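1. give me a model of this one.
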Amino acid sequence: MCVSLVPDEAVESLVRTLAEHLASWGGAPLQCVFDRPKTIALQWRKNGEVTEWNPVFAYATLEMGVGVELCWPYRAQQKGSVENLVGFVKSSFFKVRRFHDAEDLRQQLRAWHEEVNQERPCRATGVIPALRWAEEKSRLRPLKVQPEELALRIPVYVGPTGTVLHDGHAYSMPPEAISMPGTLYLYGQRVRIVAGRYEAMHPRKFVAHEGSSLAEHRAALVAAVSGKRGRRYLKRQQLLELGEPAIRYLTEIVHRRPRQWYEDVDRLHAILQSHGPEVLRRAMEAGLQEQVFGALYVERSLAPRLNFPEAAQ
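-> As a prediction, the model looks like this:
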């Protein structure tokens, strides 16, 4: 038995935990048996035949090479094998223990795993599970993909700003891919997007409203806009996408220098392109704290690390 603590009941939590469990066992059995939540099956006929699978779950199990069997609806004996395991975990662990905090819960769960798998004979077989597992391990099939390389396939669309939205996070794409349908491959820590012949790789974002924009995509999008004024407004928009510090900082610049703000935007955008969003965001945050606004301040504050010729004079 393997019990994992997960943040939610979403399909990603389900398939990633399944992959980790199978990898820890050393392979996959011929079939894995599931109940019928929406994370697995969306529709089925009265005879139990599934007519629509959850596409994310289906692709993930195909990628892992796992056979899937579902409990038939209204068949108490078949569902019992699933429900009995759930009931056992509840009654022998969660209902008879108290936990001081999350770390205490994890520690007790590790000790419980040791007890039920390595020490206590199984009620159904009378054999300690670790001994039975050692006998049957050779019958497990190798996983086609390891948990860290498991990618969930999600259909997406490249929007008019050259970004793909997923779970509230925007990921940039080349401007040539605008309006194209594509596929987002969601890994545990990274994102790969393919739309036609265009492809992009991003670090996966988890903080609310945080996005990822690649420098080459920003440059290509600016180059695709006709007219100096249009390009400057696009540069300003790309700066604003850095978040609240950038919005507050640029607002102050525009209000203080309504006729020269575009010069600051050009210079700040050059810093963004050459040194990345994190460096510029931190400099803007420092400027807000010191109440000093302008590209010249940012260049001077970064001069020791970034070697701006103008700021060094």
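2. distance of residue 72 from residue 50?
-> 11 Å (CB to CB, to the nearest Å). To be clear about C-beta, it is placed using only N, CA and C from the backbone, and glycine gets the same treatment.
3. any weak-confidence spans in the stretch 201-313 of the chain?
-> 304-313 (pLDDT under 70).
4. kindly recompute the last result at 90.
-> 207-211, 218-246, 250, 252-263, 274-278, 281, 290, 292, 294-313 (pLDDT under 90).
5. now do the helices in it.
-> 215-224, 228-240, 244-256, 261-275, 277-290, 295-306, 309-312 (DSSP state H, counting those that start in this stretch).
6. please save the CA atoms from the third one in CSV.
-> What that stands for is helix 244-256. Coordinates of the C-alpha atoms in helix 244-256 are reproduced here as CSV (Å, rounded to 0.1, in the frame of the first residue of the first chain):
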residue,chain,number,x,y,z
GLU,A,244,2.5,45.3,-9.6
PRO,A,245,6.0,46.9,-9.0
ALA,A,246,6.3,47.6,-12.7
ILE,A,247,2.8,49.1,-13.0
ARG,A,248,3.4,51.4,-10.0
TYR,A,249,6.9,52.4,-11.2
LEU,A,250,5.8,53.2,-14.8
THR,A,251,2.8,55.0,-13.6
GLU,A,252,5.0,57.4,-11.7
ILE,A,253,7.3,57.9,-14.6
VAL,A,254,4.4,58.7,-17.0
HIS,A,255,2.9,61.2,-14.5
ARG,A,256,6.2,62.9,-13.7
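7. what does it rub up against?
-> 236, 239-240, 261, 264-265, 268, 280-281, 284-285, 287-288, 293-294 (CB atoms under 8 Å, 6 or more residues apart in numbering).
8. what's the neighbour count on residue 219?
-> Neighbour count of residue 219, defined by other CB atoms under 10 Å: 14.
9. who's in contact with the closest residue to it other than its chain neighbours?
-> Among residues not flanking residue 219 along the chain, residue 273 sits closest, at 6.2 Å (CB to CB, 6 or more residues apart in numbering). Contacts of residue 273 were listed using CB under 8 Å, 6+ apart, and they are 215, 218-219.
10. what of residue 30?
-> Residue 30 neighbours (CB under 8 Å, 6+ apart): 67, 141.
11. how about the one 4 residues further on?
-> Under the criterion of CB under 8 Å, 6+ apart, the neighbours of residue 34 are 40, 68-71, 82.
12. filter those residues down to the buried ones.
-> Among those, those buried by neighbour count (16 or more other CB atoms under 10 Å) are 40, 68, 70-71.
13. out of the residues you listed, who's nearest residue 202?
-> Nearest to residue 202 out of the buried ones among the contacts of residue 34 is residue 40 (CB to CB; 28.4 Å).
14. ok, and for stretch 103-115, which residues are buried?
-> For stretch 103-115, by 16+ other CB under 10 Å, it's 105, 109, 112.
15. could you list which of these belong to strands?
-> Using DSSP state E, no member of the buried residues of stretch 103-115 falls within strands.
16. between the residues you listed, which is nearest residue 161?
-> residue 105 (43.0 Å).
17. show me the domain layout of the chain.
-> In terms of domains, the chain is parsed into 11-148, 151-203, 225-312 (source: automatic domain parsing).
18. which among these is found nearest to residue 1?
-> The nearest among those, by CB to CB, is domain 11-148 at 5.7 Å.
19. mind listing the strands for the chain?
-> Assigned by DSSP E, the strands in the chain fall at 31-34, 41-44, 50-53, 67-70, 152-157, 163-166, 169-172, 181-186, 190-195, 198-203.
20. partners of the second one in the sheet?
-> Using DSSP bridges, strand 41-44 pairs in its sheet with strand 50-53 (antiparallel).
21. for the strand it pairs with, buried residues please.
-> For strand 50-53, by 16+ other CB under 10 Å, it's 50, 53.
22. for it, the distance to its chain's centre please.
-> 26 Å (CA atoms, centre = their mean, to the nearest Å).
23. pLDDT averaged over it - what is it?
-> The average pLDDT for strand 50-53 rounds to 92.
24. now what about that strand, what contacts it?
-> Residues contacting strand 50-53 (CB under 8 Å, 6+ apart): 40-45, 70.
25. again with stretch 106-121
-> With CB under 8 Å, 6+ apart, stretch 106-121 has contacts from 1-3, 5, 92-93, 97, 99, 127-130, 133.
26. farthest-apart pair in the residues you listed, please.
-> Top of the distance list for the contacts of stretch 106-121 (CB to CB): 99 and 127, 30.2 Å.
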